[in-house]
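# Here's a sequence, model it:
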Amino acid sequence: MDRDQEQARRFLEWGCSLGARRLRRSPTGGLFHGEMAVMMHLYNADQQGIQGVTPSQLAKKLEVSRASVTTTLNGLEAKGFLQRTVSPSDRRRAVITVTDQGRQMIAGRVQRALDSLAYVAKQMGEQQFDEMLRLCQLAVGYMRDYHQLQHETDKGE
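You can find the predicted model right below:
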């Protein structure tokens with residue numbers, strides 16, 4: 001195995017172990033990754049004063065199928081974290097909004113995440129933390145490039 005593959009494997013193992021620990025400690029019983037992504041998007045829209053998001057908008061924003069969004073929304077609605085209403089402007093469309101319970105759950109998670117990152121920033125110091133952010137942004141950009149290239153390759157087959 002070459003060095004790049006070995007480093008990638010080590011990073012993947014570390015990331016998986018971090019995620020597993022986080023799910024075990026979750027005071028709300030844990031949300032699936034997709035559920036958390038949907039809730040964060042809805043929470044951010046809510047904080048910006050946006051009065052609901054359609055399932056199609058969620059699917060486009062999260063780059064997943066409408067069917068995946070619908071399945072995720074069903075689970076979150078059953079948990080009481082969101083509600084669907086009929087769009088006043090187009091009665092054929094559903095509008096998704098966060099419930100008070102969902103807003104409280106996400107606000108708590110956001111605050112815990114901010115607290116933990118503030119702790120990390122304090123421990124690392126401003127310069128190292130800024131460097132970590134820069135490197136994470138760079139890595140995410142490279143991952144997007146890679147996935148875009150894979151998508152183009154898959155379309156060409």
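# shaky segments in this structure?
Under the criterion pLDDT under 70, the flagged ranges of the chain are 1, 15-29, 157.
# So for it, the centremost residue is which one?
Against the mean C-alpha coordinate of the chain, by CA atoms, centre = their mean, the closest residue is A37 at 3.0 Å.
# what about that one, distance to V69?
Distance of A37 to V69, computed by CB to CB, to the nearest Å: 10 Å. Backbone N, C-alpha and C define where each C-beta goes, glycine included.
# Quick check: neighbours shared by those two?
L62 (CB atoms under 8 Å, 6 or more residues apart in numbering).
# which ones are touching the residue nearest to the centre of the chain?
L62 are the contacts of A37 under CB under 8 Å, 6+ apart.
# helix/strand/coil for it?
For A37, the secondary structure call by DSSP: H, G, I helix; E, B strand; the rest coil comes out as helix.
# Tell me if I'm right that A59 and S65 touch.
Yes. With contact defined as CB atoms under 8 Å, A59 reaches S65; the gap is 6.3 Å.
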